[in-house]
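Novice: Could you work out the structure for the sequence below:
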Amino acid sequence: MKMQTNFLYALTLFLTASFGMLHAQNNNVNTEFGVKGGFNMSNLYSNDADDENILYGFNAGLYATLPISDFIAIQPEILFTTKGSKLDYNNAFASGNTKFKLSYIEVPLLVRVNITKNFNVHAGGYASYLVSSKVSGEGDFNFTQDIDTDDLNKFDAGLSAGVGVDFNPLSVGLRYNYGLTTIGKERTVAGTTYTFPDAKNSNLTLYLSYKLN
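Specialist: Numbering: from 1, shown residues only. Model prediction:
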């Protein structure tokens with residue numbers, strides 16, 4: 001969790017220092033429609049989360065920027081995004097890795113604030129729907145197995161925060177998504193209730209967007 005904690009701490013400090021500058025800038029937000037995509041670094045976190053279990057993936061979709069003042073806008077998006085986790089193992093019996101892959105249709109809803117004409121911060125939440133899931137192994141054991149999405153929570157939701165730099169018509173940015181919903185379902189076996197997997201999504205994204213209008 002070090003990567004996620006450090007990013008959120010740095011973003012909080014930056015926001016605190018920056019909001020006092022808003023009224024001194026000409027930061028007009030314009031209506032935008034565009035496409036975007038990016039590179040994901042995902043993990044599943046619980047009480048014993050480990051930053052080493054990062055799974056690399058991607059996201060792609062559409063976005064809109066809808067101004068509500070000179071420097072503030074609402075930014076809805078719809079994305080296809082991959083999440084999950086990777087476990088490496090190396091012991092006396094076997095070595096390799098196992099990947100737990102989750103694919104979602106995700107809808108972030110963000111408040112975007114232009115700190116300067118070419119720099120913005122954004123924060124809000126997201127909701128997503130699980131469309132596929134599978135587990136695969138590489139190394140001494142090679143396999144790919146689809147997981148029935150009915151065995152997992154199909155809906156996920158969480159918080160999002162990030163920063164962006166605009167080079168009209170291109171923008172680049174960094175965003176962190178912090179899941180609030182356990183991905184596993186609660187089950188009762190032989191009188192014992194448990195949740196598996198008892199973990200939540202964690203996702204850091206480096207993205208590129210292109211304005212169409």
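
Novice: Please work out how many residues are found near Phe58.
Specialist: Phe58 has 14 neighbouring residues, counting by other C-beta atoms under 10 Å. Glycine gets a C-beta too; all of them are placed from N, C-alpha and C.

Novice: gap between it and Gly124?
Specialist: Phe58 is 21 Å from Gly124, where distance means C-beta to C-beta, to the nearest Å.

Novice: these two touch, right, Lys86 and Val135?
Specialist: No: taking contacts as C-beta atoms under 8 Å, Lys86 lies outside contact range of Val135: 10.7 Å.

Novice: These two: which is more packed in?
Specialist: The neighbour count for Lys86 versus Val135, taken as other C-beta under 10 Å, is higher for Lys86 (19 against 14).

Novice: in which helix or strand would I find the more buried one?
Specialist: Taking DSSP states H and E as the criterion, Lys86 maps to strand 72-90.

Novice: swap in Asn177?
Specialist: strand 170-182.

Novice: Paired strands for that strand, with orientation please.
Specialist: strand 155-167 (antiparallel), strand 200-211 (antiparallel) (DSSP bridges).

Novice: Need the ones you listed in CSV (columns: distance to Asp70 and mean neighbour count).
Specialist: CSV is the format used below for these (distance: least, C-beta to C-beta, whole Å; neighbours: other C-beta atoms under 10 Å):
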stretch, distance to Asp70, mean neighbour count
strand 155-167, 16, 17
strand 200-211, 19, 20
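
Novice: any idea how far the closest residue to Gly57 other than its chain neighbours is from Ile68?
Specialist: Nearest non-adjacent residue to Gly57, counting by C-beta to C-beta, 6 or more residues apart in numbering: Thr82, 3.3 Å away. From Thr82 across to Ile68, the span is 32 Å (C-beta to C-beta).

Novice: just checking, Leu130 touches Phe155?
Specialist: Yes: contact criterion C-beta under 8 Å: Leu130 and Phe155 qualify, at 7.5 Å.
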